[in-house]
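Colleague: just a sequence and a predicted model for now, questions to come.
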Amino acid sequence: MRQRAAVLCAAAVVAATVTAGPADASAPGTADTVPAAALAWKSCGTTDYPTLQCASLKVPLDHDDPHGRQITLALSRVKHTTKKSLGPLLVNPGGPGGSGLTLAGFVASSLPKAVASRYDVIGFDPRGVGRSRPALNCAPGHFDAVRPDTVPATPATERAGLRRAKAFAAACGRTYASVLPYIDTVQTVRDMDAIRAATGYRQTGYFGYSYGTYLGAVYAKLFPQRVKRMVLDSIVDPTGVWYDDNLAQDYAFNDRHRALMSWIAKYDSTYRLGTDPERIEAKWYAMRGALAKKPAGGKVGASELEDTFIPGGYYNGYWPYLAEAFAAYVNDKNADPLVEAYENFGALDASGDNGYSVYTSVQCRDAGWPRDWKQWHKDTWEVYDKAPFMAWNNAWYNAPCAFWPTDAPRALNIANGKLPPVLLFQATNDAATPYEGGLTVHRMLAGSSLVVEEGGGNHGITLSGNACLDKHLAAYLSDGTVPRGAGEIDAVCRKLPDPKPLTSSKAASPSARGSALHGLVGFRG
């Protein structure tokens, strides 16, 4: 999970410092509700989302020891405004490590009013994240520039990468020894059911992006009777968590990077980098080689360049900014736009350090990773030969898992035949969660419905300006309606147009809502 430092920042949301109280004996009991702990909601509205409320909820660190150590979850809510509510709709932006507090406001304001007004849209910072306590930060500044080149062209470079990975894992183990065994998807899912119970409803809706799709699938596996409606957008392949999924990402991101090169080639009059995508790509790698020798502004070396361009694989709304920075460096020997792009897209702040600490803690704990570095070395070089753009960057990003101080169980089988219809959304050219993951989950969740954005490459596609996708989303959340097709895909929507180059320092972005969403979903998840 990576969060941008400056561009499209999400509004800060402060959780009220309260705890769940005793059950309210006067709470009405119906077929859909149960007596609930009294969540003390307080206003925490922002300029963008003025109706947001915040509260906190104490849950067990270890749900198998309910009377043991307690931790605190930060919650946010946009309350329903109709007389009859459909109950809670929990939302999650992915990661692992993404804060969901502001996402509640975004989802509530982006859905049609007739739909959003019937739900209590609830965001939360998962355990370890953001304003939940404790919040993890294993090694502040772990990604400070300038890092060693990700590509280990020499044994010394590889040893430097291994030292960093081992040091990060060791720091997490020293600082959070009592916490790490309980930072994983299953414990987070049990937190989600505690949130559901605290709202007083027997069932909940759920809407998750990216890693949030795996979180939702695991919730559905453990608590199928609690699922009222479930939307999964940009779907993790649950059969590859997490080592194989990351290798699959490498190929997909390489394809998406080449799509950016092709887009630049269409606008040679603007960028003056040529009309041949392969030659433009060669210029990009030449820029990378130059930065490896002399980092731009003392900040952007080869590794930081990759960090800057990886977000373009998540969202094409960033392409005009990246293309301008690329062109300025190559054509004008001007590194300033590249440094600015790095600061906006690639650099991590304290929030990013926290997100990465939770990312590693969850992924390293969820399922087994190779403990022999020789396996990583062999597999990554094999990928690099075919898809060099992100192969080694991604390997080092996940490398602490080779040395993680806690053991990992076998990954959970999320196959499920006990659910109401689940609505799935997937873009065919998504790099972060490749298309095959959507097909796999569609097969594993009996009765699910799959809506595909044909030709789309963005990660997180609903509530991003595509009216076709959003029509299916609104119908489902309103009354449970799902499309049903004759084949493996139930409905197809055309992708949004790609962006245009910047005009007067403003990008002709595919969608302002899409930019807002991707500011919340972030990167690496």
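Modeller: Received it, and whenever you're ready, just let me know what you need.
Colleague: from now on I want contacts and neighbour counts done on CA atoms only, so please keep to that.
Modeller: OK.
Colleague: touching, residue 297 and residue 338? I think so.
Modeller: No: using C-alpha atoms under 8 Å, residue 297 makes no contact with residue 338, being 9.0 Å away.
Colleague: more crowded one of the two?
Modeller: Taking neighbours as other C-alpha atoms under 10 Å, residue 297 and residue 338 compare with residue 338 leading, 25 against 13.
Colleague: who are the packing partners of whichever strand or helix holds the more buried one?
Modeller: Per DSSP states H and E, residue 338 falls inside helix 336-341. Helix 336-341 sits against helix 319-332, with contacts defined as 3 or more C-alpha pairs under 8 Å, 6 or more residues apart in numbering; DSSP states H and E.
Colleague: list the buried residues for the helix holding residue 338?
Modeller: 337, 338, 339, 340, 341 (16 or more other C-alpha atoms under 10 Å).
Colleague: same thing with stretch 477-496?
Modeller: Quick answer for stretch 477-496 (16+ other C-alpha under 10 Å): 477, 478, 480, 481, 482, 483, 490, 491, 492, 493, 495, 496.
Colleague: what's in contact with it?
Modeller: 115, 229, 421, 423, 439, 449-456, 465-466, 468-469, 472, 475-476, 510 (C-alpha atoms under 8 Å, 6 or more residues apart in numbering).
Colleague: 7 Å - rerun?
Modeller: 115, 423, 449-456, 466, 468-469, 475-476, 510 (C-alpha atoms under 7 Å, 6 or more residues apart in numbering).
Colleague: of those residues, buried ones?
Modeller: Applying 16+ other C-alpha under 10 Å to the contacts of stretch 477-496 flags 115, 423, 449-454, 456, 466, 468-469, 476, 510 as buried.
Colleague: hmm, back to that, can you pick out the most distant pair from the buried residues of stretch 477-496?
Modeller: 480 and 496 (25.5 Å; C-alpha to C-alpha).
Colleague: so where's the longest helix in this structure?
Modeller: If you go by DSSP state H, the chain has its longest helix at helix 243-265.
Colleague: CA atoms only: put the helix or strand that that helix is followed by into CSV for me.
Modeller: Remark: after helix 243-265, the chain's next helix or strand is helix 268-271, criterion DSSP H and E. Once non-C-alpha atoms are left out, helix 268-271 reads as follows in CSV (Å, rounded to 0.1, in the frame of the first residue of the first chain):
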residue,chain,number,x,y,z
ASP,A,268,4.4,13.3,-30.0
SER,A,269,3.5,16.9,-30.7
THR,A,270,3.1,17.4,-27.0
TYR,A,271,5.9,15.3,-25.5
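Colleague: for helix 268-271, what is the distance to the chain centroid?
Modeller: 33 Å (C-alpha atoms, centre = their mean, to the nearest Å).
Colleague: with stretch 42-52 instead?
Modeller: 23 Å.
Colleague: report how far apart the opening and closing residues of that stretch are.
Modeller: 9 Å (C-alpha to C-alpha, to the nearest Å).
Colleague: tell me, how many residues neighbour the closest residue in space to residue 143 that isn't next to it in sequence?
Modeller: What sits nearest to residue 143 in space, not counting adjacent residues and going by C-alpha to C-alpha, 6 or more residues apart in numbering, is residue 348, at 6.8 Å. The number of residues packed near residue 348 is 26, by other C-alpha under 10 Å.
Colleague: now do the helix holding residue 338, average pLDDT.
Modeller: Mean pLDDT, helix 336-341: 98.
Colleague: next SSE after it?
Modeller: According to DSSP H and E, the helix or strand after helix 336-341 is helix 350-366.
Colleague: am I right that residue 74 is in a helix?
Modeller: No: in this structure, residue 74 is strand, not part of a helix, as judged by DSSP: H, G, I helix; E, B strand; the rest coil.
Colleague: surely it meets residue 53?
Modeller: No: checked against C-alpha atoms under 7 Å, the pair residue 74 and residue 53 is beyond contact range at 10.9 Å.
Colleague: more crowded one of the two?
Modeller: Neighbour count, other C-alpha under 10 Å: between residue 74 and residue 53, residue 74 has more, with 29 against 26.
Colleague: please tell me how far the more buried one sits from residue 321.
Modeller: In terms of C-alpha to C-alpha, residue 74 sits 34 Å off from residue 321.
Colleague: could you pull up the residues touching the residue lying closest to residue 43 once chain neighbours are set aside?
Modeller: Leaving aside its sequence neighbours, residue 43 sits nearest to residue 53 (C-alpha to C-alpha, 6+ apart; 4.3 Å). With contact taken as C-alpha under 7 Å, 6+ apart, residue 53 is in contact with 41, 42, 43, 44, 45, 76, 77, 78.
Colleague: as a check, name the ranges of all strands in the stretch 101-250 of the chain.
Modeller: Secondary structure of the stretch 101-250 of the chain (DSSP state E, counting those that start in this stretch): strands at 119-125, 204-209, 227-233.
Colleague: switch those over to CSV; also include distance to residue 309, mean pLDDT and mean neighbour count.
Modeller: What follows is these, written out as CSV (distance: least, C-alpha to C-alpha, whole Å; pLDDT from 0 to 100; neighbours: other C-alpha atoms under 10 Å):
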stretch, distance to residue 309, mean pLDDT, mean neighbour count
strand 119-125, 27, 98, 28
strand 204-209, 21, 98, 25
strand 227-233, 23, 98, 24
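Colleague: which stretch among these comes nearest residue 98?
Modeller: Closest among these, once you apply C-alpha to C-alpha, is strand 119-125, at 7.3 Å.
Colleague: packing partners for the closest one?
Modeller: strand 70-78, strand 87-92, helix 101-110 (3 or more C-alpha pairs under 7 Å, 6 or more residues apart in numbering; DSSP states H and E).
Colleague: mind putting the ones you listed into a markdown table with distance to residue 212 and mean pLDDT?
Modeller: Output for the helices and strands packed on strand 119-125, formatted as a markdown table (distance: least, C-alpha to C-alpha, whole Å; pLDDT from 0 to 100):
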| stretch | distance to residue 212 | mean pLDDT |
| --- | --- | --- |
| strand 70-78 | 16 | 98 |
| strand 87-92 | 5 | 98 |
| helix 101-110 | 12 | 98 |
